[in-house]
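A.B. asks: Have a look; sequence and predicted model below, questions after that.
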Amino acid sequence: MKKLRYITVIILLVNVLQAQQLPQYTQYMLNEMAINPAVAGKDNFADVRSNNRYQWTGITDAPRTYMLTLHSPLKNRHMGLGTHIYTDIVGPTRRVGISLAYAYHIKIAQKTFISLGISAGIQQWGIDGHKLHLHDSGDENLLTQYQTKMVPDFGAGIYVHNDKWYVGFSAPQLYQSPIKLYEGGDNKGTLVTHFLLNGAYKFTINDDFKVEPSFLAKYASPAPIKVDVGARVIYQEQVWLGAGYRHNDAFTALIGFMYKNYLMIGYSYDFTTTNLKKYSTGTHELMLGLRFSKQQTKHWPDDELAK
């Protein structure tokens, strides 16, 4: 049992003691579907986005996150559906998940809506025994196993928005499913409910330039609140540059481009401020997005429409 307890310590350190189980994204303002199910179908087009994050480059087995979201309004636009698929790898642990989201949108003022959303899905947690080193001898067969556990996952959110601003609140992992990877071990790990609050406001400077400050606050007991703040300068709704700060973690920079209102490309870089900066050259994140609707076709050349 000592061996199992040693493995349990590793799992608890990653999943419980640090509490913040959800992966973080520097470009959170460009893919809200990843953090709030109430966003599903908020626009008049179908939207597909992918974030690929490589954290703490230079450190072996550092976190890597791959994520894909898709959401679209239904025909009457009062409702929307979406999905969130992701893989999050941290050291010997791997988490794969898929969730489906439903949102209902209510108009409360001129061009202002409030959206209510729920999500349901599953997560698969795994640990690679090949990357473990036992403190005591015995049970070496654990080192050749890849242990997995499937758990249910539920979430909810609320989102208020118009053309200039938005604010959202969501609670992923509402049900604290137990994560018991090794039968017979002293496993106390569970999914931890998170509380996320985010928002932004877009200021018009002139016909060409807009400035959009944004924030994201995250809380999961017993970890302290984590806050991201930043701003983008946007030129003609096509090109943007931005910078931000994640409290006690990193300074961030981002750049992006929207092509003909349907193809989005974004890149961000994190300058680590913790002691890890001695060993890491920073964090890279690439975001790709596509929009699909009849409205987008007016931006396409006639020869493209004929194909």
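C.D. replies: Received the coordinates, thanks.
A.B. asks: Can you list the buried residues in stretch 108-116?
C.D. replies: 113, 115 (16 or more other Cβ atoms under 10 Å). For glycine as for every other residue, the C-beta is placed from the backbone atoms N, C-alpha and C.
A.B. asks: tell me the average confidence for it?
C.D. replies: In this model, stretch 108-116 has a mean pLDDT of 93.
A.B. asks: end to end, how far does it reach?
C.D. replies: End-to-end distance of stretch 108-116 (Cα to Cα, to the nearest Å): 13 Å.
A.B. asks: Report the beta-bridge partners for the residue nearest to residue 175 when sequence neighbours are not counted.
C.D. replies: Leaving aside its sequence neighbours, residue 175 sits nearest to residue 154 (Cβ to Cβ, 6 or more residues apart in numbering; 4.9 Å). Judged by DSSP bridges, the bridge partners of residue 154 are residue 120.
A.B. asks: ok, now which ones touch the residue sitting nearest the centre point of the chain?
C.D. replies: Computing the C-alpha centroid of the chain and ranking residues by Cα atoms, centre = their mean puts residue 34 first, at 4.5 Å. Residue 34 makes contacts with 25, 28, 49, 51, 67, 69, 84, 86, as judged by Cβ atoms under 8 Å, 6 or more residues apart in numbering.
A.B. asks: now swap in residue 241 and tell me
C.D. replies: Contacts of residue 241 (Cβ under 8 Å, 6+ apart): 232-233, 254-255.
A.B. asks: Show the buried residues in these.
C.D. replies: Buried among the contacts of residue 241 by 16+ other Cβ under 10 Å: 232, 254.
A.B. asks: now, which of the contacts of residue 241 sits nearest residue 173?
C.D. replies: Among these, residue 254 lies closest to residue 173 (Cβ to Cβ), at 26.9 Å.
A.B. asks: distance of the closest one from residue 284?
C.D. replies: According to Cβ to Cβ, to the nearest Å, residue 254 stands 11 Å off from residue 284.
A.B. asks: Mutual contacts of these two, please.
C.D. replies: Residues touching both residue 254 and residue 284 (Cβ under 8 Å, 6+ apart) are 267-269.
A.B. asks: In the residues you listed, which residue is surrounded by the most others?
C.D. replies: Counting neighbours by other Cβ atoms under 10 Å, the top entry in those is residue 268, with 25 neighbours.
A.B. asks: Tell me if I am right that that residue is in a helix.
C.D. replies: No. Assessed with DSSP: H, G, I helix; E, B strand; the rest coil, residue 268 is strand; it does not lie in a helix.
A.B. asks: Now do the same contact list for it.
C.D. replies: Counted by Cβ under 8 Å, 6+ apart, residue 268 has contacts 26-27, 252-255, 284-285, 287.
A.B. asks: How about residue 235?
C.D. replies: Each residue near residue 235 by Cβ under 8 Å, 6+ apart is listed here: 208-209.
A.B. asks: what about it, distance to residue 270?
C.D. replies: The gap separating residue 235 from residue 270 is 24 Å, by Cβ to Cβ.
A.B. asks: Residue 280 is in contact with residue 54, isn't it?
C.D. replies: No. Between residue 280 and residue 54 there is no contact under Cβ atoms under 8 Å: 10.5 Å.
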